[in-house]
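In: Have a look at this prediction, sequence included:
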Amino acid sequence: MTETTLFHLSDIHFGLEDNRALDWVKQEIAEQRPDAVAITGDLTMRARRREYSAACHWIQSLDVPVTVEIGNHDMPYFNPIERFFAPYRRFRGIQNLIQREIDLPGLAIVPLKTAVRAQPRLNWSKGWVSRSALRKCLAAIDDLPEGVRALVTVHHPLREVGTKGTALTANGYKALCELAQRPVLAVLSGHVHDPFDLVEDTEHGPVRMIGAGTLSQRVRSTPPSFNQITWDGTTLQVRARNLDEVPTPAMQIDDVPENALPPREPGEPVAPVNQVPRTDPPVH
């Protein structure tokens, strides 16, 4: 089996992007020709049309298969009607890439949406796995040919902290339990702005969680980076790539922080929207 290479990008935040980092990543893609690029959410800073235009232009210039997950920053902040009734309309330029499943030799990239229009809690920036989203993801995995492994793409890490009101991703543990029972190599996520490579234990077995850093100016504790992931049919390897050439172990944080948010910009609201009433672990 030939080796498969995937570039895992996240949290580019067009509108506050790091252009030096983006130029470097684009050059790496052109030179190395990965089999696919997975972007795990937060393409934009405020879901403004000009931000989407810049994001679409950059993605369309890559000339490799791309899948894009929705992040909490990718739904309209300042137009609640559009957020509720047409939250993804501004993705029009890359509509066919949103939550796109990609099949590679012996490997499939399967999306699981964790960013929702509204939640029964004040902070809508955090993740929520709905029944329908989980059902759609699991059905796609169950339909894979025998022997094909899955990489599940989400925006928010599927981690809960045990506090009902402030859980990182509501129903995240339930999703992990279901994924642990299927041929899932890892769950790829973003949101935290620092890379990580962790194993989460569930009652049905372990699940590997891989997080990508940011390619924006909103760095947390590590430089802008992306993950280069390789799969040879036996081993899934992750290398956190960055312009500063910091070694991967020094780039990766050892746990998902409880607040799971990068530093806020001056004047930035705590939650993305509150103007509207809340309506290689074992493979099983």
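Out: Arrived safely. Residues are numbered from 1 along each chain as shown.

In: C-alpha only now, for contacts and for neighbours.
Out: Noted.

In: which residues in the stretch 1-150 of the chain form helices?
Out: In the stretch 1-150 of the chain, the helices defined using DSSP state H, counting those that start in this stretch lie at 19-32, 49-60, 80-85, 131-142.

In: now the strand or helix carrying L188 and helix 131-142, what's the angle there?
Out: For L188, the host element (DSSP states H and E) is strand 184-193. Counting by axes from the mean of the first three to the mean of the last three C-alpha atoms, to 10 degrees, strand 184-193 lies at 140 degrees to helix 131-142.

In: Run the chain-centre distance for strand 184-193.
Out: 6 Å (C-alpha atoms, centre = their mean, to the nearest Å).

In: sorry, back to before: comparing the helices of the stretch 1-150 of the chain, which yields the minimum mean pLDDT?
Out: Comparing mean pLDDT over the helices of the stretch 1-150 of the chain, the weakest stretch is helix 80-85, at a mean of 58.

In: just to revisit the earlier point, JSON lines please, covering the helices of the stretch 1-150 of the chain and showing distance to T67 and mean neighbour count.
Out: JSON lines is the format used below for the helices of the stretch 1-150 of the chain (distance: least, C-alpha to C-alpha, whole Å; neighbours: other C-alpha atoms under 10 Å):
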{"stretch": "helix 19-32", "distance to T67": "15", "mean neighbour count": "15"}
{"stretch": "helix 49-60", "distance to T67": "10", "mean neighbour count": "17"}
{"stretch": "helix 80-85", "distance to T67": "22", "mean neighbour count": "15"}
{"stretch": "helix 131-142", "distance to T67": "15", "mean neighbour count": "16"}
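
In: Can I get those in a markdown table including distance to R100?
Out: Formatted as a markdown table, the helices of the stretch 1-150 of the chain follow (distance: least, C-alpha to C-alpha, whole Å):
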| stretch | distance to R100 |
| --- | --- |
| helix 19-32 | 19 |
| helix 49-60 | 14 |
| helix 80-85 | 21 |
| helix 131-142 | 11 |
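
In: nearest to F196, of the ones you listed?
Out: helix 19-32 (19.0 Å; C-alpha to C-alpha).

In: Return the closest one as PDB; C-alpha atoms alone will do.
Out: The C-alpha coordinates for helix 19-32 follow below in PDB (Å, rounded to 0.1, in the frame of the first residue of the first chain):
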ATOM      1  CA  ASN A  19      -0.300  35.700   5.400                       C
ATOM      2  CA  ARG A  20       3.300  34.600   5.800                       C
ATOM      3  CA  ALA A  21       2.100  31.300   7.200                       C
ATOM      4  CA  LEU A  22      -0.500  30.900   4.400                       C
ATOM      5  CA  ASP A  23       2.000  31.600   1.700                       C
ATOM      6  CA  TRP A  24       4.300  28.900   3.300                       C
ATOM      7  CA  VAL A  25       1.500  26.300   3.500                       C
ATOM      8  CA  LYS A  26       0.500  27.000  -0.100                       C
ATOM      9  CA  GLN A  27       4.000  26.500  -1.200                       C
ATOM     10  CA  GLU A  28       4.300  23.200   0.800                       C
ATOM     11  CA  ILE A  29       1.100  22.000  -0.800                       C
ATOM     12  CA  ALA A  30       2.300  22.800  -4.300                       C
ATOM     13  CA  GLU A  31       5.700  21.100  -3.700                       C
ATOM     14  CA  GLN A  32       4.600  18.000  -1.700                       C
END
